[in-house]
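Enquirer: coords below, sequence missing:
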């Protein structure tokens, strides 16, 4: 048997195959409305979408097609073939969608830092990630996929300079292989969750706090 057949497939290859199968497609179909909402948030402006190649393109959006990339090891494919840093100008994207962008491993800190860099001030990053507490995790077990709780993602988003929303919403099936696009408050046992984070606007020139005026002793106020 050739040695190449004995080598395990990279996590990114196994993850892509899982998302392209019935179990992964059920989850991606569940998330299609979230992706569509992100693309409609800033109509007519550029959006960046990082996610599995099998994810369906939302229908009925008036926004132009986003810059769409998917990962293969440390390389992005799709509309561009590149690595990190992304060949996009800073403050150039009105919305950024990270749909299981690190599910096959990689460097989430560097990825989020780049997403924050290209995001316009006042824009939102939409993060869709696997829920490690969901029974659905047994369906992706051993497929090269990684999952982290929302508290971990909040820390990563803050470290990237973004302000996470206070609400995390669960999405997708719990166990059955069937799409479920309903959003629920809190992650619960849903297969994935949606967490949004804003790139806050900052003043061009930091404003100094005015110094209190010193009055001579005995002066009436």
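Expert: The structure has been received and is ready for your questions. Please read all numbers here as calculations on a predicted model, not as lab measurements. Residues are numbered from 1 along each chain as shown.

Enquirer: how close does residue 48 sit to residue 122?
Expert: According to Cβ to Cβ, to the nearest Å, residue 48 stands 15 Å off from residue 122. The C-beta positions use only the backbone N, C-alpha and C, and glycine is treated the same way.

Enquirer: For these two, indicate the residue with more neighbours.
Expert: Just comparing residue 48 and residue 122: by other Cβ atoms under 10 Å the higher neighbour count belongs to residue 48, 23 against 12.

Enquirer: Would you confirm that that one contacts residue 88?
Expert: Yes - between residue 48 and residue 88 there is a contact at 7.0 Å, judged by Cβ atoms under 8 Å.

Enquirer: Hmm, residue 125 is touching residue 196, no?
Expert: Yes - Residue 125 is in contact with residue 196 according to Cβ under 8 Å; the separation is 6.8 Å.

Enquirer: neighbour count winner among these two?
Expert: Using other Cβ under 10 Å as the criterion, residue 125 and residue 196 rank with residue 125 on top: 25 against 21.

Enquirer: Measure how far the helix or strand harbouring the more buried one is from the centre of its chain, please.
Expert: Using DSSP states H and E, the element containing residue 125 is strand 119-130. Using Cα atoms, centre = their mean, to the nearest Å, the distance from the centre of strand 119-130 to the centre of the chain it belongs to is 6 Å.

Enquirer: what helices or strands is it leaning on?
Expert: Judged by 3 or more Cβ pairs under 8 Å, 6 or more residues apart in numbering; DSSP states H and E, the packing partners of strand 119-130 are helix 22-40, strand 93-99, helix 108-118, helix 150-159, strand 192-198.

Enquirer: Just the buried residues of the longest one, please?
Expert: Meaning helix 22-40. 23-32, 34-39 (16 or more other Cβ atoms under 10 Å).

Enquirer: Quick check: next helix or strand after it?
Expert: Per DSSP H and E, the first helix or strand lying C-terminal to helix 22-40 is strand 47-50.

Enquirer: Mind giving me the packing neighbours of that next one?
Expert: Counting contacts by 3+ Cβ pairs under 8 Å, 6+ apart, strand 47-50 packs against helix 22-40, strand 67-72, strand 93-99, helix 108-118.

Enquirer: could you say what helices and strands the longest one packs with?
Expert: Using 3+ Cβ pairs under 8 Å, 6+ apart, the elements in contact with helix 22-40 are helix 11-20, strand 47-50, strand 93-99, strand 119-130, helix 137-140, strand 163-171, strand 192-198.

Enquirer: Report all helices and strands that the last one contacts.
Expert: Using 3+ Cβ pairs under 8 Å, 6+ apart as the contact criterion, the elements in contact with strand 192-198 are helix 22-40, strand 119-130, helix 150-159, strand 163-171.

Enquirer: coming back round to it: let's have the helices and strands packed on strand 119-130 in JSON lines, adding mean pLDDT and distance to residue 82.
Expert: Listed next are the helices and strands packed on strand 119-130 as JSON lines, based on pLDDT from 0 to 100; distance: least, Cβ to Cβ, whole Å:
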{"stretch": "helix 22-40", "mean pLDDT": "96", "distance to residue 82": "21"}
{"stretch": "strand 93-99", "mean pLDDT": "95", "distance to residue 82": "15"}
{"stretch": "helix 108-118", "mean pLDDT": "94", "distance to residue 82": "10"}
{"stretch": "helix 150-159", "mean pLDDT": "96", "distance to residue 82": "22"}
{"stretch": "strand 192-198", "mean pLDDT": "98", "distance to residue 82": "23"}
